[in-house]
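Trainee: my questions are about this predicted structure, shown below with the sequence.
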Amino acid sequence: MVKHPRPIILESLETLRAQEEARSKRHSTSELGTITFSNVRREGWLHSKQILTEKGKLGGSMRPWKRVFSVLRSHSLFLYKDKREAVLHGAGAPGQDHQPPICIGGCLVDIAYSETKRKHTLRLTTQDYCEYLLQAEDREDMLAWIRVIRENSKTDTEVGSPTPWSQ
């Protein structure tokens, strides 16, 4: 009686299953917190609403607020559907319905007093007159977002020069 070696096809199938299982575990949400990117200045959950589109046109008064996972990298604020999308997009994977980042270079940012009834909301106006309302979880979170956006919105000529809010 001749023993037949284990078929190569089954071995390959088992290998493929193991690779697929490892790949699906690689992006599990429990492991997302361990992936970091060195150029991230701040990240966290915000509620977002765009109220002016480019060149100051009204565009968002009827748009709903969206809960987004926000990542500030250098002069760009990225708004993602969730943390998983942020990690995958940051790792080079294309986002599904990912909007382009908000360029914060030279932007204006402050507490939004009259634009909304929502508490802990800041107003961000870009150089091309797009305007966004961003609601933080609490007052401290809102002030931290304002501070880090101001720090990263400075143009190259402003870096190192004193600002009214840094004194």
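Mentor: Yes, it's here. Numbering: from 1, shown residues only.

Trainee: count of neighbours near residue 136?
Mentor: Other residues near residue 136 number 22, with proximity taken as other C-beta atoms under 10 Å. Where C-beta positions appear, they are placed from N, C-alpha and C, glycine not excepted.

Trainee: can you give me the helices for this structure?
Mentor: 8-26, 83-90, 139-153 (DSSP state H).

Trainee: pLDDT of the last one, averaged?
Mentor: Rounded to a whole number, the mean pLDDT of helix 139-153 is 97.

Trainee: what's the angle from the longest strand seen in the chain to helix 83-90?
Mentor: The residue-count maximum for a strand in the chain (DSSP state E) belongs to strand 40-52. Counting by axes from the mean of the first three to the mean of the last three C-alpha atoms, to 10 degrees, strand 40-52 lies at 110 degrees to helix 83-90.

Trainee: tell me which other helices or strands strand 40-52 touches.
Mentor: Applying 3 or more C-beta pairs under 8 Å, 6 or more residues apart in numbering; DSSP states H and E, we find strand 40-52 packed against strand 66-73, strand 131-135, helix 139-153.

Trainee: quick one: low-confidence parts of the protein?
Mentor: Applying pLDDT under 70 to the chain picks out residues 1-38, 54-62, 91-98, 156-167.

Trainee: quick one on the thing from earlier: show me what counts as buried in the longest strand of the chain.
Mentor: 42, 43, 46, 47, 48, 49, 50, 51, 52 (16 or more other C-beta atoms under 10 Å).

Trainee: returning to that earlier point: let me have the helices and strands packed on strand 40-52 in TSV, adding mean neighbour count and distance to residue 122 as columns.
Mentor: Listed next are the helices and strands packed on strand 40-52 as TSV, based on neighbours: other C-beta atoms under 10 Å; distance: least, C-beta to C-beta, whole Å:
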stretch	mean neighbour count	distance to residue 122
strand 66-73	18	11
strand 131-135	22	5
helix 139-153	17	5
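
Trainee: closest one to residue 104 among the ones you listed?
Mentor: Minimum separation from residue 104 across the helices and strands packed on strand 40-52 (C-beta to C-beta) falls at helix 139-153, 4.6 Å.
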